[in-house]
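*Asks:* Just to be clear, the model below is a prediction. Sequence and coordinates:
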Amino acid sequence: MSAIPGFGGDLNSNIDEDSNLNKSSVVEINGQSEWRFEVPFRTIMKLKVVNGIGEIFGTELPLNVEISLTGVKYAIYAPLDEGCKVEYYCVSNKANSTSTNEDDEISEYISEETSMNHYMNLHFALESYRQSISEHNFVNSSSQKTGPRVLVVGNRHSGKTSLVKTLASYGCKMDRSPILVNLNPRDGVFSVPGSLTATPISDAFDLESVNGWGGSTTSGSTFHNPKQPLVKNYGFTSHSDNLDLYKYQISKLGVAVVSRMEEDIAVKNSGLLIDTPPLSIKDFTIIENIVSDFEVNIIVVIGNERLLIDLKKKFKHKIASSQLDFVKVPKSGGVIEVDDAYIRKSQEESIKEYFNGTIRSPLSPFKTELDAKDFVIYKCVDSSEANSNLSFLPSGDSFTPEASEMSDGDKKEEFSLDTYYSQLQEPSSSNLDNSIVAITQLPQNNKSARDLMNTCVLGYAHVSKFDDTKSKMKVLLPFPGALPRNILISTSVGYTE
Ligand SMILES: Nc1ncnc2c1ncn2[C@@H]1O[C@H](COP(=O)(O)OP(=O)(O)OP(=O)(O)O)[C@@H](O)[C@H]1O
């Protein structure tokens with residue numbers, strides 16, 4: 001099958017085998033040390049563990065199996081005293097040879113100062129909690145309890161995502177299935193950036209995929225067990241772009257997660273691991289909302305004494321009634337302050353992977369042309385934009401659905417959509433070209449604002465081109481077949497082929 005422009009096609013063909021950047025090298029990692037390395041997007045590192053046990057953020061690397069990594073900042077940790085021996089070489093990545101300004105060279109060093117022992121202790125504390133809950137639930141079927149609901153907070157680049165990933169991997173190794181909740185819309189976790197997801201983790205992560213997460217059920221059969229995320233569309237990559245919508249989607253995700261746990265005893269015993277965007281004490285209302293929406297009972301603060309003390313003061317009533325515990329863990333010296341160019345590039349790569357798959361599991365996305373008139377399209381409202389522009393809007397230019405279009409439920413609650421979504425009255429190339437749109441579960445004839453807010457996302461599509469004269473849009477779908485005539489929500493997440 002020929003490749004769709006910009007979406008790569010057969011990813012193996014991107015490897016330029018002739019241009020070896022490096023001859024094969026060997027790294028010996030002592031026990032409880034970690035080998036930290038950064039691989040630019042222009043380079044593919046092929047590595048294998050040839051002796052001992054090595055793990056990346058808790059996911060054990062298979063012995064003598066070569067894996068390919070590109071655009072990553074990782075550390076291989078050797079948990080056992082025997083240490084671990086790794087062989088690697090690098091080749092250039094043809095697909096990205098011109099798309100970034102980085103060097104081709106990898107950077108790497110071994111560090112004996114790792115925080116992994118703290119993270120492992122935290123894991124064992126959570127595991128003994130899960131064990132006691134499992135035993136309780138086994139004998140008391142009528143009064144079941146829930147495993148640890150852990151919220152990880154910290155500064156920007158403090159290693160929150162890496163810690164959550166490590167705890168989920170270790171939990172999975174002990175046959176647990178914790179739900180990994182990603183509340184950082186900047187990262188696409190089993191989905192595209194701009195979404196908030198909750199995913200039960202019952203299999204290892206796929207280290208070779210973008211950001212080391214892996215495929216979801218949208219990807220069909222994948223190398224690892226596909227994960228099945230519950231996706232709420234937020235539509236922006238920063239949580240502050242529409243705080244009301246962000247909080248709303250968090251609360252809806254919380255309701256869904258809590259009821260998911262009620263239905264599955266293995267998940268209920270295992271609890272939750274919640275990753276967050278960088279939050280400070282100024283964002284206390286967000287933290288408070290997350291704590292109540294997800295019934296959080298353990299807050300892990302990474303390397304920020306001040307935040308820990310401030311949060312303890314704010315939550316003293318919950319601490320006094322033993323509803324909430326705090327744990328402080330140090331920040332790892334290996335955490336890298338990634339720049340905006342790297343973040344944007346990895347967002348693009350995760351969108352590309354969503355449609356095109358990985359090296360091992362390439363997908364066949366489906367391109368089709370659709371008539372925009374056949375669809376009802378909404379757009380997420382950028383509240384920072386709205387706040388500055390609102391006063392200039394002529395009266396009557398409000399995006400609140402017409403009274404006749406609102407359902408009785410909405411009228412009763414005086415629910416207004418205009419802080420969250422506005423309908424695209426005139427879809428055009430200026431507002432749809434190169435954008436990611438969410439396909440909701442909601443049929444077009446549903447006029448309830450509340451239903452629109454509460455809908456889940458079936459998947460995402462990419463509008464590559466909008467023809468203004470014909471009012472037709474060229475759309476890329478992750479699956480073949482007709483796009484359901486459901487309401488679409490255009491996000492502010494862009495992608496250019
Ligand atoms: N021990 C380590 N060695 C090498 N790289 C690491 C290590 N720990 C984390 N990193 C890398 O540092 C970067 C930042 O880490 P991470 O994403 O976990 O931080 P974060 O606090 O979630 O960031 P943000 O605040 O931006 O959401 C990532 O690319 C991650 O892979």
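*Replies:* Looks like it arrived, so ask away. Residues are numbered from 1 along each chain as shown.

*Asks:* Pull up the residues of the stretch 201-350 of the chain that are close to the ligand.
*Replies:* Pro278, Ser332, Gly334, Val335, Ile336, Val338 (Cβ under 6 Å from any ligand atom). Backbone N, C-alpha and C define where each C-beta goes, glycine included.

*Asks:* Can you verify my assumption that the first one contacts Val152?
*Replies:* It stands for Pro278. No: counting by Cβ atoms under 8 Å, Pro278 sits too far from Val152 to count as a contact (11.3 Å).

*Asks:* higher neighbour count, these two?
*Replies:* Val152 (24 against 15; other Cβ atoms under 10 Å).

*Asks:* Work out for me the element that one sits within.
*Replies:* strand 149-154 (DSSP states H and E).

*Asks:* Please list the strands that that strand pairs with in its sheet, giving the direction of each pairing.
*Replies:* Sheet pairing of strand 149-154 (DSSP bridges) gives strand 272-275 (parallel), strand 298-302 (parallel).

*Asks:* ok so, going back, what residues do Pro278 and Val152 have in common as contacts?
*Replies:* With contacts defined as Cβ atoms under 8 Å, 6 or more residues apart in numbering, the residues shared by Pro278 and Val152 are Lys160.

*Asks:* Which residue ranges of the protein form helices?
*Replies:* 116-139, 160-173, 243-263, 265-270, 284-293, 305-314, 316-320, 340-356, 383-389, 408-413, 429-432, 449-454 (DSSP state H).

*Asks:* Among those, single out whichever gets nearest to Ile487.
*Replies:* helix 449-454 (6.5 Å; Cβ to Cβ).

*Asks:* other SSEs contacting the closest one?
*Replies:* The helices and strands touching helix 449-454, judged by 3 or more Cβ pairs under 8 Å, 6 or more residues apart in numbering; DSSP states H and E, are helix 243-263, helix 408-413, strand 435-443.

*Asks:* Repeat the analysis, applying 6 Å as the threshold.
*Replies:* Applying 3 or more Cβ pairs under 6 Å, 6 or more residues apart in numbering; DSSP states H and E, we find helix 449-454 packed against helix 408-413.

*Asks:* quick check: mean pLDDT across the helix it packs on?
*Replies:* Averaged across helix 408-413, the pLDDT comes to 48.

*Asks:* How about stretch 238-248?
*Replies:* For stretch 238-248, the per-residue pLDDT averages 93.

*Asks:* That one: how far from the chain's middle?
*Replies:* In terms of Cα atoms, centre = their mean, to the nearest Å, the centre of stretch 238-248 is set 16 Å apart from its chain centre.

*Asks:* again, but for stretch 37-53
*Replies:* 23 Å.

*Asks:* what bridges to the residue lying closest to Phe375 once chain neighbours are set aside?
*Replies:* Nearest residue to Phe375, sequence neighbours excluded (Cβ to Cβ, 6 or more residues apart in numbering): Leu488, at 5.5 Å. Applying DSSP bridges to Leu488 gives these bridge partners: Ile377, Ile439.

*Asks:* Also Ile299?
*Replies:* With DSSP bridges as the rule, Ile299 is bridged to Leu151, Phe326.

*Asks:* got a list of what the most centrally placed residue in the chain touches?
*Replies:* The centre of the chain sits closest to Val189, judged by Cα atoms, centre = their mean, with a distance of 2.3 Å. Contact analysis of Val189 by Cβ atoms under 6 Å, 6 or more residues apart in numbering lists Asn182, Thr197, Trp213.
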